[in-house]
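> Sequence first, predicted model second:
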There are 2 protein chains.
Amino acid sequence: MTIQDADARTPADGAAGPVIGSHKAYLTGSRPDLRVPVRRVHLTDGNSVTLYDTSGPYTDPGVVTDVRRGLPPLRRPWIEERRADGQAGLVTQLAYARRGEITPEMEFVALRENVAPAFVRDEIAAGRAVLPLNVNHPEAEPMIIGKNFLVKVNANIGNSAVTSSVEEEVEKMTWATRWGADTVMDLSTGRDIHTTREWVLRNSPVPVGTVPIYQALERVGGRAEELSWEVYRDTVIEQAEQGVDYMTVHAGVLLRYVPLTARRKTGIVSRGGSILAAWCLAHHQENFLYTHFAELCEILRAYDVTFSLGDGLRPGSIADANDEAQFAELRTLAELTRTAREHDVQTMIEGPGHVPMHKIKENIDLQQELCQEAPFYTLGPLTTDVAPGYDHITSGIGAAMIAWWGTAMLCYVTPKEHLGLPDRDDVKTGVITYKIAAHAADLAKGHPGAQVWDDALSDARFEFRWEDQFNLSLDPDTARAFHDETLPAPPAKTAHFCSMCGPKFCSMKISRAINEQFGGEAEATPEEVEAGMLAKSREFAESGGRLYLPLAD
Amino acid sequence: MTIQDADARTPADGAAGPVIGSHKAYLTGSRPDLRVPVRRVHLTDGNSVTLYDTSGPYTDPGVVTDVRRGLPPLRRPWIEERRADGQAGLVTQLAYARRGEITPEMEFVALRENVAPAFVRDEIAAGRAVLPLNVNHPEAEPMIIGKNFLVKVNANIGNSAVTSSVEEEVEKMTWATRWGADTVMDLSTGRDIHTTREWVLRNSPVPVGTVPIYQALERVGGRAEELSWEVYRDTVIEQAEQGVDYMTVHAGVLLRYVPLTARRKTGIVSRGGSILAAWCLAHHQENFLYTHFAELCEILRAYDVTFSLGDGLRPGSIADANDEAQFAELRTLAELTRTAREHDVQTMIEGPGHVPMHKIKENIDLQQELCQEAPFYTLGPLTTDVAPGYDHITSGIGAAMIAWWGTAMLCYVTPKEHLGLPDRDDVKTGVITYKIAAHAADLAKGHPGAQVWDDALSDARFEFRWEDQFNLSLDPDTARAFHDETLPAPPAKTAHFCSMCGPKFCSMKISRAINEQFGGEAEATPEEVEAGMLAKSREFAESGGRLYLPLAD
């Protein structure tokens, strides 16, 4: 394990180390051990902007991290206090919320989202939001997933039978959270599933999700027909013990739905969905995840693992979107959501997939109605099938739209989707693309505070504060590098023009002159403005026609 | 001029040369010189898919192109026949359409779009579509811009005072059209404006647009206040003579609107808009493009140059979207549209800019209502300001949405937006991103034939026809390269799995097994299906539990 070596920590290439131009800071809550990390950008005009920060201790120059020791277990005191308190059976955040209690975790996310702690509690109690944290994953910083909070982004990592290593996966996790992933899912299917997950969990500052059926299948030598509830249950317990925060469970893939997929263009594209469909067909029995769902709830409740009810029958092509197989499964997921809530288990619902734009809204509307507003967690959706190599973009379009309409968390798609396993750069591109989609949705939803960021960057742009513009960017390194490609000289960083228009044509300079002329008169009547303009026109003529220096130099 | 040398023609790197896996073909119309190019992909299953093709003769191995001689003037006979016909004053496609005539250009686009020629004529006659082709640009292949046709994409090229050369701009044009640009705009502002434009025009297979005010400003030494109608008029005539197909004209930037921008966060961000605002203020006179608009119509009509009425007051930040300055100008553009139509001049309207998702629809709805359904031509819009370096994505989201709702052409945005001048790779990324947005919109609008492409690619994906999947891609080179990164061996091209899941987990394989079992039974009753499933389950048990080879090997 060498990802923390000196080279890997250099800011330009490394997943760890401070983000240049940003400062790690903490907001403190009602107790000294409740410290919420933020990314603060100090601007050259003396102001500062505070941004949500998912990167964990890796970007704090005051913290020495060691991947072999793992991150500090910041939640341990809170969990232990609750255990000492001895409320029998009370483990999940949902159970506490329903009792009216505000946990430190709830207060943490309230500070993080700039809302009242009671609002966080009430949203969790209503099932409209989940706070996915296993009691055995004390290293993670609390976050919340719900449509009345900031839209979140998940990044998938994980090796496969063909490629990748443990070190690589830990590095991808660090890389993903550095650029803004709110959770990561470890989807490993190859060797060392347990070990990879252990390293990821102990070093992840964000909740970690898994799909336990993958490991269960490994346990039976890859023979789907040999799967059983007992094998699956033991796998879930193993993963829950390790600290997995949420688990994708394809309990809605019912035997009678499988034939509905036969005439599809792309059948079943979910790995978990197809494994369970194969099992159902092989035994001609109902999906054991469905028949044993109540027992599964008992296990998840004991650790506060959140359900992510998987959409095993999601469409894998534009042609298959919103079909009967997909919506039949969704109705079953709604039924399971009610069962999970009866057991105090937090629950979110996974969504598609491949959906053309005009069919996206029906997905979120139906899910919200059927599942009583449980958080929706969608993969894209991809809005066309024709662009392999660019599916971060085909899906980023759909993701932004469905998040605007109420999806709470977006599962990223990388440029390698359909073609191969993402490397570190693909992970970054996927995360940045999805942060754009999520933030665009936050703006469109009118989330309080979202536009502060855009405004600060636009102010910097208008005032030619290039360094501030870079530092406020979602990806400061890339913004700076692109600018430097054409105008690398240091003076260009304070120049009142850029390489696009050159010094003569800069519209921003002209606008600033207008602003200076009329900015103070915006409260004046049109007649007064008119009179002022005429006076200024004369002034201009008398001064020798050199008012618009931006155009004349 | 060396862009046509051997190196530049190699398929992997060059802008010219055939697209690997695609074949250039032509559809022939009612006369032998009416040949519509298409990109045809022959699939390994014996079928073929025919795609729209903007790349011109460069991708036809049977044509020798020479950038010093320019492309063959395919429209010259049609133009000369019309001249010989001697209909006084009849030049524009709008004039012919209004007379009920179907020109060869209209038939060309009808074949290209797979619609009836009379429909093309009627859409042009109603002003709902434009066919932007200057009589002095006979080299370009006819195309149409209107909401009832395929959504089009424009790519901006052009040097600035800071960087770039003539050769580079011609290469960018070839590169842009290779990847799907339907028009290019030459936005040069530096030296050699006339020469650059001449090379671009003579070698461009697509219509070329310009913003004449840039060259006019060069003529007066960069001093906006020294601009005049006469200087501008002479510039327009020079460009129309050369063959420019459409011109951005900021005639809606009225003197009284300028103060409306003073309190904006980012003032006026359009270069043309700011130049005219500066002129208006300097002289305290109305915009000369507005006061001389009828004369301008006469000039444009004589060449069949199409108006692209510029949105000089478009918002340059999320904060400024949909404000009074923007919509005041739009109302003036509606007035000018009526005037242009009275002169038989084809007209489209430019739109923003920076707009959050929830404010996008108002833009297209208002434009369509005010401008009597004249084609809308929008720049993005960018849905957030916080991601410089990724503005192809921030804007691709908005572009897909506004195109779904009726925008006819999208002006691309490259990753370098706000930071520098795009290079060849940026041009490609911008074009591909916008082709995705346009095609996603075609799908959402239910354009006949749009989904054929997605279906063909999804079929290839489901059937593990990797080469077909690559060849059908919007960017075959990138799809192939990404796949090869993980599985470079030739056998992997026919493998029934990929590197994402490896051989054991492939959901597509399982789905195919389901498909083979139940595909024929989709017409059966649920009871019959149920009975069939039970029988097959027994069969499975009797065969020794090896039905699902995909999972067992």
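Yes, it's here.

> closest point of the stretch 1-150 of chain A to chain B, which residue?
Residue nearest to chain B within the stretch 1-150 of chain A: A:Leu51 (9.2 Å; Cβ to the nearest Cβ). (Each C-beta comes from the backbone N, C-alpha and C, glycine too.)

> show me what contacts that residue?
A:Ser22, A:Val38, A:Arg39, A:Arg40, A:Val41, A:Trp453 (Cβ atoms under 8 Å, 6 or more residues apart in numbering or on different chains).

> Need phi/psi at it.
In terms of degrees, to the nearest 10, the main-chain angles of A:Leu51 are phi -120, psi 150.

> And it, how close does it get to B:Asn322?
For A:Leu51, the distance to B:Asn322 under the criterion Cβ to Cβ, to the nearest Å works out to 26 Å.

> Please apply the same query to A:Ala325.
41 Å.

> Same question for A:Leu309.
In terms of Cβ to Cβ, A:Leu309 sits 39 Å off from B:Asn322.

> ok so, going back, which of A:Ala325 and B:Asn322 has more neighbours?
Neighbours were counted for A:Ala325 and for B:Asn322 using other Cβ atoms under 10 Å in any protein chain shown; A:Ala325 has more, 24 against 17.

> Grab the nearest non-local neighbour of the more buried one.
For A:Ala325, ignoring the flanking residues on the chain, the nearest one in space by Cβ to Cβ, 6 or more residues apart in numbering or on different chains is A:Leu260 at 3.8 Å.

> A:Ile193 now?
A:Gln215 (4.9 Å).

> Tell me if the longest strand seen in chain A is near chain B.
With secondary structure taken from DSSP state E, chain A has its longest strand at strand A:35-42. No: using Cβ under 8 Å from any Cβ of the partner chain as the criterion, no contacts between strand A:35-42 and chain B are found, and the smallest distance is 11.1 Å.

> Can you dump the C-alpha atoms of that strand in CSV for me?
Taking only C-alpha atoms (Å, rounded to 0.1, in the frame of the first residue of the first chain), the coordinates of strand A:35-42 have been written out as CSV:
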residue,chain,number,x,y,z
ARG,A,35,-16.5,19.5,13.6
VAL,A,36,-18.0,19.9,10.1
PRO,A,37,-15.3,20.2,7.3
VAL,A,38,-15.7,22.9,4.7
ARG,A,39,-13.7,24.1,1.7
ARG,A,40,-13.1,27.8,2.1
VAL,A,41,-11.9,29.9,-0.7
HIS,A,42,-10.3,33.2,0.3
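
> how about that strand: buried residues?
Within strand A:35-42, the residues scored as buried using 16 or more other Cβ atoms under 10 Å in any protein chain shown are A:Val36, A:Pro37, A:Val38, A:Arg39, A:Val41.

> Give the bridge partners for the fourth one, please.
The one in question is A:Arg39. On DSSP bridges, the residues paired with A:Arg39 through beta bridges are A:Lys24, A:Leu51.

> so it sits right up against A:Ser55, yeah?
Yes: A contact is recorded between A:Arg39 and A:Ser55 when judged using Cβ atoms under 8 Å, the distance being 7.5 Å.

> what do these two both touch?
Jointly contacting A:Arg39 and A:Ser55 under the rule Cβ under 8 Å, 6+ apart are A:Val19.

> one step back: so the residue nearest to A:Ile193, which of the three states?
What DSSP: H, G, I helix; E, B strand; the rest coil gives for A:Gln215 is helix.

> Roughly how far does it sit from chain B?
Distance, A:Gln215 to chain B, by Cβ to the nearest Cβ, to the nearest Å: 12 Å.

> count of residues packed around that residue?
By other Cβ under 10 Å, the residues close to A:Gln215 number 21.

> again, but for A:Tyr214
A count of nearby residues for A:Tyr214, using other Cβ under 10 Å, gives 23.

> SS state for the residue nearest to A:His343 when sequence neighbours are not counted?
Counting by Cβ to Cβ, 6+ apart, A:His343 lies nearest to A:Cys297, which is 3.7 Å off, once chain neighbours are set aside. The three-state label for A:Cys297, taken from three-state DSSP, comes out as helix.

> residues contacting A:Cys297?
Contact analysis of A:Cys297 by Cβ under 8 Å, 6+ apart lists A:Thr339, A:Ala340, A:Glu342, A:His343, A:Val345.

> ditto for A:Thr103
Neighbouring residues of A:Thr103 by Cβ under 8 Å, 6+ apart: A:Trp78, A:Arg82, A:Gln93, A:Tyr96.

> Next, count neighbours for the residue in the stretch 401-550 of chain A positioned nearest to chain B.
Ranking the residues of the stretch 401-550 of chain A by distance to chain B (Cβ to the nearest Cβ) places A:Ser511 first, at 2.6 Å. Neighbourhood size, A:Ser511 [other Cβ under 10 Å]: 26.

> confidence score at it?
The pLDDT attached to A:Ser511 in the predicted structure is 72.

> Mind telling me what element it is part of?
Applying DSSP states H and E as the criterion places A:Ser511 in helix A:507-518.

> Tell me the secondary structure of A:Phe307, please.
Three-state call for A:Phe307 (three-state DSSP): strand.

> actually A:Pro18, not the one I typed
Three states are possible here, and by three-state DSSP the one that applies to A:Pro18 is coil.

> show me the contacts for it.
Taking Cβ under 8 Å, 6+ apart as the definition of contact, the neighbours of A:Pro18 are A:Pro11, A:Lys24, A:Thr59, A:Asp60, A:Pro61.

> Kindly provide the distance from the residue of the stretch 1-150 of chain A closest to chain B to A:Val452.
Here the criterion is Cβ to Cβ. By it, A:Leu51 lies 9 Å from A:Val452.

> got the end-to-end distance for stretch A:288-297?
Stretch A:288-297 has its terminal residues 13 Å apart, counting by Cα to Cα, to the nearest Å.

> And the average pLDDT for the longest helix seen in chain A is what?
Ranked by residue count under DSSP state H, the longest helix found in chain A is helix A:424-444. The average pLDDT for helix A:424-444 rounds to 97.

> okay, now the nearest residue in space to A:Met185 that is not next to it in sequence: neighbour count?
Of all residues beyond its chain neighbours, the one nearest A:Met185 is A:Gly209 (4.1 Å), with distances taken as Cβ to Cβ, 6+ apart. Residue neighbour count, defined by other Cβ under 10 Å, stands at 24 for A:Gly209.
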